[in-house]
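Peer 1: Using only what follows, build the 3D model:
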Amino acid sequence: MPHVEGLRSPYDKTAGGLHHLGRMLDKIRLMLAGRLPGHFHSNYGMGAGLDGHLCGFLNVEFKDIEARVREGGSDAELVEWIFARGLRPTKIQTRIWNEFSRKIGWNDFATRYLQDLKQEFGMAHHPHGTSFDLIEISENRPPPASRA
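Peer 2: Numbers count the residues shown, from 1 in each chain. So this is what the prediction gives:
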């Protein structure tokens, strides 16, 4: 899967200081514009995926965020809207989310799923074992630990 123009890395924390939030907003914007590639559709807003975990952490519904993004606005406006309706994470909560999210797939509930995906992508023996790393590799970006 090649890099998608307008789709941030899950490691990006420019939206609200949280991993994946900017990427989720990007995916919504791309979907609403009809530009989100088809291979993203099956996981779009999925409760068991990164979108669902982040929405659960923030105590907001994905469909509500999607409706708000449809109205337009900057990342800062959307983040403020999300935080005003759900959780406005403290520094510690932000750190907990960021550490949890960047390790999903590393010896946890998602490990088997990621192993299956790696097999499907022909990367079964690839050493990286987190969902973020798999996303980075599949979008032709080296994971942060691999960057020089």
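Peer 1: any idea what sits nearest the residue nearest the centre of the chain, other than its immediate chain neighbours?
Peer 2: Taking C-alpha atoms, centre = their mean, the centroid of the chain lies closest to His20, which sits 3.6 Å from it. Distances taken as C-beta to C-beta, 6 or more residues apart in numbering put Pro10 closest to His20, at 4.7 Å, once the chain neighbours are dropped. C-betas here are computed from N, CA, C, even on glycine.
Peer 1: Would you mind listing the residues in contact with the one you found?
Peer 2: Residues in contact with Pro10, defined by C-beta atoms under 8 Å, 6 or more residues apart in numbering, are His19, His20, Arg23, Leu50, Ser101, Arg102, Ser131, Phe132, Ile135, Glu136.
Peer 1: now the last one: how far from Leu7?
Peer 2: Distance, Glu136 to Leu7, by C-beta to C-beta, to the nearest Å: 12 Å.
Peer 1: Quick one: name whatever helix or strand follows the lowest-mean-pLDDT helix or strand in the chain.
Peer 2: Ranked by mean pLDDT, DSSP states H and E, the weakest helix or strand in the chain is helix 111-120, scoring a mean of 68. Note on helix 111-120: by DSSP states H and E, the next helix or strand toward the C-terminus is helix 131-138.
Peer 1: now that next one: how far from the chain's centre is it?
Peer 2: Computed by C-alpha atoms, centre = their mean, to the nearest Å, the chain-centroid distance of helix 131-138 equals 10 Å.
Peer 1: From the contact counts, what lies against that helix?
Peer 2: helix 111-120 (3 or more C-beta pairs under 8 Å, 6 or more residues apart in numbering; DSSP states H and E).
Peer 1: how close does Glu80 sit to Arg88?
Peer 2: Taking C-beta to C-beta as the criterion, Glu80 is separated from Arg88 by 9 Å.
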